[in-house]
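>>> My questions concern the predicted model and sequence given below.
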Amino acid sequence: MENFIHSIPTKVYFGKGQISHLDEALRQYGTKVLLVYGGGSIKKTGLYDEIMKILSEGGFTVTELAGVEPNPRIESVEKGVRLCRENGIEVVLAVGGGSTIDCSKAICSGYYYEGDDLWYMVKNVPGPKKSLPLVDILTISATGSDFDGGGVITNLKTHEKLGAFFTHPSVSILDPSYTFTVSKYQTAAGSADIMSHTMECYFSSPGDSGLTEGLSETILKTVIRYTPVALKTPDDYTARANLMHAESIACSGILAYGKKYSGWPCHAMEHELSAYYDITHGVGLAILTPRWMRFVLRNDPSTEWRFVRFAKNVWGIEGEDDHGLALKGIDALEDFFRSCGIPMSLSELGIGTEHFADMAAHADVGGRLTNAWVPLTKEDVEEIFRDCL
């Protein structure tokens, strides 16, 4: 079991009506607020009006940054930083999913960045960074950005989508009822994202961190149990609450305690797909993960024990043939994603082979694939991309 450090400074208000804590969550940092949100769904659901009522009654001064993209762009970060500096912002309030929160984290750090090139900050400045305080209200269960310090920002001009450590949210308000209106497609994609965060930690070594291993398996089983319920009955509070709880823990770092860093290979490859094609992150992960699993099992038989455990402990599959069990566990994962309505090939998304070589060459940022649980070469990544067609 490897050494680890535990540090999660985010205060979480979880459950119905926790927006009642919004005033106190913001006021401890100031009254000049940058409100950041995405395409406007919070206005359709009435959440925007609820927030503005609280802020108005509390005497807060509000500046808005609307229209943050699903794969947040560096241009949105730049605009947010400019608004913060022009308006003397004291605290940022992000309302939405992981993209909005990621963008807000970069804005919070960018406010204090002394250089002119914020993309350079994303690419080169190690974290954590001096940042404005961030409060968020989560509206979709997916990325876990409400409970971690990282953020992923996209530069479509350079075809790069990169993760960096910016800052943890100071306060996160997690009310599962705010996810009732999330579409089936985004609910399924979010669940795939939760599972991927879990599996990127689970498929690693060593295997002697019993508590961590069990937590990972429980989160996977929780998502498998409650995603179909949420898809069938969108306002089932128990289902939505369990998915929201799972998404926070899945990307918090807890599931890596006692384990070596896996390299997060599926995320490395998916970021390339999103940088070139701007696809939904969870969908890209769902397509890639079973193909990565089969590639690893095919090329490194020493990993078979892990896939056997995955089949037995997550999917409840039994049998005496270990190799057959390993393959059945992977098949079960792919079948689950497909049953949730997720497209399971790149061709379904209109993606061909034209950029595979460039994407594969760039995927090994910082040597994360070279030093992954099972190392991958550029040629390996291209093969996995082709398997996804």
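Everything's here; your move. Fair warning: this is a prediction, and the values are worked out from it, not measured in the lab.
>>> The stretch 101-250 of the chain: helices as residue ranges?
118-124, 184-202, 210-232, 237-250 (DSSP state H, counting those that start in this stretch).
>>> which parts of the longest one are buried?
Spelled out, it's helix 210-232. If you call a residue buried by 16 or more other Cβ atoms under 10 Å, then helix 210-232 has these buried ones: 212-213, 215-217, 219-220, 222-224, 226-227, 230-231. The C-beta positions use only the backbone N, C-alpha and C, and glycine is treated the same way.
>>> as a whole number, average confidence for it?
Across helix 210-232, the average pLDDT comes to 98.
>>> Using JSON lines, please lay out the helices of the stretch 101-250 of the chain together with distance to A268.
Output for the helices of the stretch 101-250 of the chain, formatted as JSON lines (distance: least, Cβ to Cβ, whole Å):
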{"stretch": "helix 118-124", "distance to A268": "15"}
{"stretch": "helix 184-202", "distance to A268": "10"}
{"stretch": "helix 210-232", "distance to A268": "20"}
{"stretch": "helix 237-250", "distance to A268": "18"}
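>>> So which of those helices is nearest E270?
Each of the helices of the stretch 101-250 of the chain has some distance to E270 by Cβ to Cβ; the shortest is helix 184-202, at 8.2 Å.
>>> Show me what the closest one is packed against.
Packing partners of helix 184-202 (3 or more Cβ pairs under 8 Å, 6 or more residues apart in numbering; DSSP states H and E): helix 210-232, helix 237-250, helix 265-277, helix 281-299, helix 322-339.
>>> Buried residues, stretch 314-331. List them.
Quick answer for stretch 314-331 (16+ other Cβ under 10 Å): 314-315, 317, 325-331.
>>> hmm, I was thinking of stretch 273-293
For stretch 273-293, the buried set under the neighbour-count rule, 16+ other Cβ under 10 Å, comprises 273-277, 279-293.
>>> can you pull the contacts of the residue nearest the centre of the chain?
Among the residues of the chain, the one closest to the centroid is T143, at 2.6 Å (Cα atoms, centre = their mean). The contact partners of T143, by Cβ atoms under 8 Å, 6 or more residues apart in numbering, come to 97-99, 101-102, 190, 193, 197, 247, 251, 281.
>>> phi, psi of L376?
Taking degrees, to the nearest 10, you get phi -120, psi 130 for the backbone angles of L376.
>>> ok, for it, nearest residue in space, not its chain neighbours?
Here the nearest residue to L376 in space, its sequence neighbours aside, is L369; by Cβ to Cβ, 6 or more residues apart in numbering that works out to 4.3 Å.
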